[in-house]
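**Student:** Coordinates only, no sequence provided:
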């Protein structure tokens, strides 16, 4: 339901690189408006085998009207911060959730301009929204880079990434048993004198809390103390 | 304060494309670890004139240690979702605010692997965080695309220096000395058998990285090992 439209691309290899960028983020529908040259071997090489199907299924049309047929929402991308567009100007990140929402209504078109001078004002005016990719002063993204960043933002707006799965965190009482064990161990090995023990324990607690230890990790640390005690009991002698 | 480190890049033109990607998002410090070939004309062509200075100022070093010298926070990028890294696994978007915050403490290194097989497990283990770029099934980002997306996320993550002031974080080389010391200790106390040692070390690295240990804390942990050794040498006898 999301269509990438490249307006008058000059270089087939840029189209290939754009296809690869699309495919990484699950976009597969590519429309070329009046390209300067037909897709060639360089285009397929840049697409890599994984995105060859995007190129094979790409439609070539003569006019922007044809490319936008049926689209319920059109986004134009722009490197410049000009004012006065017909569409709302925002960043890809700001606009991506709207694109996702609109796919429930019908096809959405993402519009990219020519390598050398982008989209004309008239083409811009076809867009509901104008996405300007923020850059750090030196702004010189090529076509495939712009497609990559836009596809990435649209993809992330869909996925609402479930945060990376984390192992079960240690419960407070598990941590306390570890701290009690550690404190006893510090006394056994004479880690510090009595009136500095409290401060030392606080320092170790701080590290543990900051690490957000999992249950397994607390077990591992207690295993380390247990094994240290074993080594102490054997007094460093070789017991092979 | 943000250093992009490319580990053993094969193709100079990929380095050039990465430089262009960096420059778009205000990153200028590039370090190449043992590149297969020196930078050539193709590299400069891909960088475009705007990012030529990034290539001119790029440092080439022989080892990852040199590349990470002084870094207080290290991020490794990975295309795969393997488990078992020493660093916390998250997405660039989740991790970027932390990178911004850490730049207030010292240099941050963003680590990218070889074009063909990425970073080794040992290289991964140097990282506080492992960033996996989420993709849509077909995952085939090239080196410069990965650099582009990471640079973009870091750029967009406004400093958000809300975190409370932290003491001076440990530099990469301090951490490595501690890990070497810990590994020797684990062998001394027979914490685990030989073929499980690597996994154990990775688990300890993971906790340490997640805790973002300060320089003082690393000293404290090494003091704990030192005192444990003292206790072992005295074999648990009472020496009051």
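**Tutor:** Noted; the coordinates are in hand. Worth saying up front: this structure is predicted, and the values here are computed from it rather than measured.
**Student:** what does the domain assignment say about chain A?
**Tutor:** A:2-159, A:172-233 (automatic domain parsing).
**Student:** in which helix or strand would I find residue A:202?
**Tutor:** Using DSSP states H and E, residue A:202 falls within helix A:194-211.
**Student:** Show me what the helix or strand following that helix is packed against.
**Tutor:** From helix A:194-211 onward toward the C-terminus, using DSSP H and E, the following helix or strand is helix A:215-233. If contacts are counted by 3 or more C-beta pairs under 8 Å, 6 or more residues apart in numbering or on different chains; DSSP states H and E, helix A:215-233 sits against helix A:172-188, helix B:194-211, helix B:215-233. Any C-beta I mention is one placed from the backbone N, CA and C, and that applies to glycine too.
**Student:** and the ones you listed as CSV, adding mean neighbour count?
**Tutor:** Formatted as CSV, the helices and strands packed on helix A:215-233 follow (neighbours: other C-beta atoms under 10 Å in any protein chain shown):
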stretch, mean neighbour count
helix A:172-188, 15
helix B:194-211, 17
helix B:215-233, 17
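**Student:** Could you export those helices to CSV, including columns for mean pLDDT?
**Tutor:** Formatted as CSV, the helices and strands packed on helix A:215-233 follow (pLDDT from 0 to 100):
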stretch, mean pLDDT
helix A:172-188, 91
helix B:194-211, 89
helix B:215-233, 95
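**Student:** Spatially nearest residue to the closest residue to chain B within chain A (excluding sequence neighbours)?
**Tutor:** Going by C-beta to the nearest C-beta, chain B is nearest to residue A:235 of chain A, at 2.3 Å. Nearest non-adjacent residue to residue A:235, counting by C-beta to C-beta, 6 or more residues apart in numbering or on different chains: residue B:235, 2.3 Å away.
**Student:** ok, that neighbour touching residue A:232?
**Tutor:** Yes. Assessed by C-beta atoms under 8 Å, residue B:235 is found in contact with residue A:232 at 7.0 Å.
**Student:** re earlier: please report the distance of the residue nearest to residue A:235 from residue A:105.
**Tutor:** Counting by C-beta to C-beta, to the nearest Å, the gap from residue B:235 to residue A:105 is 77 Å.
**Student:** Residue A:93 too?
**Tutor:** 21 Å.
**Student:** which residues of chain A fall in strands?
**Tutor:** Using DSSP state E, the strands of chain A run over A:2-7, A:29-33, A:59-61, A:73-78, A:88-90, A:108-112, A:129-132.
**Student:** Could you point out which of the domains of chain A sits nearest residue B:25?
**Tutor:** Smallest distance to residue B:25 across these (C-beta to C-beta): 4.8 Å, for domain A:2-159.
**Student:** What mean pLDDT does that closest one get?
**Tutor:** On average, the pLDDT along domain A:2-159 is 90.
**Student:** Just confirm yes or no for that domain near chain B.
**Tutor:** Yes. Judged by C-beta under 8 Å from any C-beta of the partner chain, domain A:2-159 comes into contact with chain B through A:20-21, A:23-27, A:48, A:50-51, A:93, A:134-142, A:145, A:148-149, A:152, A:155-156, A:159.
**Student:** on that earlier part again, winner for burial among the domains of chain A?
**Tutor:** domain A:2-159 (a mean of 19; mean count of other C-beta atoms under 10 Å in any protein chain shown).
**Student:** Give me the distance from that domain to the chain's centre.
**Tutor:** 18 Å (C-alpha atoms, centre = their mean, to the nearest Å).
**Student:** ok, back up a step: now do the helix holding residue A:202: everything it contacts.
**Tutor:** A:175, A:178-179, A:182-183, A:186-187, A:191-192, A:217, B:207-208, B:210-213, B:217, B:220-221 (C-beta atoms under 8 Å, 6 or more residues apart in numbering or on different chains).
**Student:** Of the helices and strands packed on helix A:215-233, which is nearest residue A:55?
**Tutor:** helix B:194-211 (41.8 Å).
**Student:** ok so, going back, could you dump the strands of chain A into CSV and include distance to residue B:226?
**Tutor:** CSV is the format used below for these (distance: least, C-beta to C-beta, whole Å):
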stretch, distance to residue B:226
strand A:2-7, 60
strand A:29-33, 63
strand A:59-61, 70
strand A:73-78, 59
strand A:88-90, 57
strand A:108-112, 60
strand A:129-132, 57
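**Student:** So which of those is nearest residue B:109?
**Tutor:** Smallest distance to residue B:109 across these (C-beta to C-beta): 30.1 Å, for strand A:129-132.
**Student:** partner strands of that closest one, parallel or antiparallel?
**Tutor:** strand A:73-78 (parallel), strand A:88-90 (parallel) (DSSP bridges).
**Student:** Residue A:186 touches residue A:192, doesn't it?
**Tutor:** Yes. Between residue A:186 and residue A:192 there is a contact under C-beta under 8 Å: 6.7 Å.
**Student:** where's the residue lying closest to residue A:153 once chain neighbours are set aside relative to residue B:24, distance?
**Tutor:** Spatial nearest neighbour of residue A:153, excluding adjacent residues (C-beta to C-beta, 6+ apart): residue A:92 at 3.9 Å. Counting by C-beta to C-beta, the gap from residue A:92 to residue B:24 is 14 Å.
**Student:** these two touch, right, residue A:25 and residue A:154?
**Tutor:** Yes. The pair residue A:25 / residue A:154 is scored as a contact, 6.9 Å apart, by C-beta under 8 Å.
**Student:** Overlap in contacts, these two.
**Tutor:** By C-beta under 8 Å, 6+ apart, no residue touches both residue A:25 and residue A:154.
**Student:** For the residue nearest to residue A:73 when sequence neighbours are not counted, give me its contacts.
**Tutor:** If the residues on either side of it in the chain are set aside, residue A:73 comes closest to residue A:102, at 3.9 Å by C-beta to C-beta, 6+ apart. Neighbour list for residue A:102: A:72-73, A:108 [criterion: C-beta under 8 Å, 6+ apart].
**Student:** Residue A:59: which of the residues you listed is nearest?
**Tutor:** Closest approach to residue A:59 among the contacts of residue A:102 (C-beta to C-beta): residue A:108, at 15.9 Å.
**Student:** Please name the nearest non-neighbouring residue to that closest one.
**Tutor:** residue A:73 is the one closest to residue A:108 (C-beta to C-beta, 6+ apart), at 4.6 Å.
**Student:** Now for that neighbour: which residues touch it?
**Tutor:** Taking C-beta under 8 Å, 6+ apart, one finds A:98-99, A:102, A:105-106, A:108-109, A:128-129 in contact with residue A:73.
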